[in-house]
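Undergrad: Next comes the sequence, and after it the predicted model I'd like to discuss.
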Amino acid sequence: MASSSEVHWLYIVRCADDALYIGETNDVDRRVAAHNEGRSAFTLTRRPVSLIYQEQFESRGLALARERQLKTWSRAKNEALIVGDVTTFAVSMRAINWAAAGRLCPCPYSARTLKWCGGNDNGYFNGDT
């Protein structure tokens with residue numbers, strides 16, 4: 001297990017105008033506070049923001065890769081991820097290059113947070129580990 005200094009997060013905040021902002025950080029609480037204090041250009045005029053989704057990663061590289069992936073998705077697909085509609089986004093999750101991602105699989109332990117574990121390679125969620 002990674003120490004807290006090694007943990008990185010992908011996060012999504014919903015802005016006051018209903019826009020979604022997707023980002024990466026090693027401290028979600030600090031980053032959301034920065035958004036609400038006006039220290040982010042995108043959210044500056046869209047405050048307040050609320051944290052609505054987060055995923056934990058063992059490296060910044062994995063978190064950044066996931067951020068890039070989600071930024072290519074449609075809003076509808078991101079909204080499905082946020083509420084845990086697995087059927088909408090499962091196909092894209094299977095498309096992750098498991099070797100490049102350390103052969104880790106996404107496991108939905110809750111509707112809002114995915115924990116990464118050493119699960120199977122078939123792209124289906126493995127909640128047993």
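TA: Perfect, thanks for sending it.

Undergrad: Kindly export stretch 10-18 (C-alpha atoms) in CSV.
TA: Only the C-alpha atoms of stretch 10-18 are listed here, as CSV (Å, rounded to 0.1, in the frame of the first residue of the first chain):
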residue,chain,number,x,y,z
LEU,A,10,-8.4,12.1,-9.9
TYR,A,11,-11.3,14.3,-8.8
ILE,A,12,-14.3,15.9,-10.3
VAL,A,13,-16.0,19.0,-8.9
ARG,A,14,-19.4,20.4,-10.0
CYS,A,15,-19.4,24.1,-10.4
ALA,A,16,-22.2,26.5,-9.4
ASP,A,17,-23.2,26.8,-13.2
ASP,A,18,-23.3,22.9,-13.4
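
Undergrad: and that stretch, average pLDDT?
TA: Per-residue confidence for stretch 10-18 averages out to 97 on the pLDDT scale.

Undergrad: Mind listing what's buried along it?
TA: Along stretch 10-18, these residues count as buried under the neighbour rule (16 or more other C-beta atoms under 10 Å): L10, Y11, I12, V13, R14, C15. Yep, even glycine has a C-beta here, placed from its N, CA and C like the rest.

Undergrad: ok, then the element right after the helix or strand in which G61 is found?
TA: Applying DSSP states H and E as the criterion places G61 in helix 60-72. Past helix 60-72, further along toward the C-terminus, the next helix or strand under DSSP H and E is helix 75-83.

Undergrad: ok, back up a step: list the ones among the buried residues of stretch 10-18 that fall in strands.
TA: In strands, defined here by DSSP state E, the members of the buried residues of stretch 10-18 are L10, Y11, I12, V13, R14.
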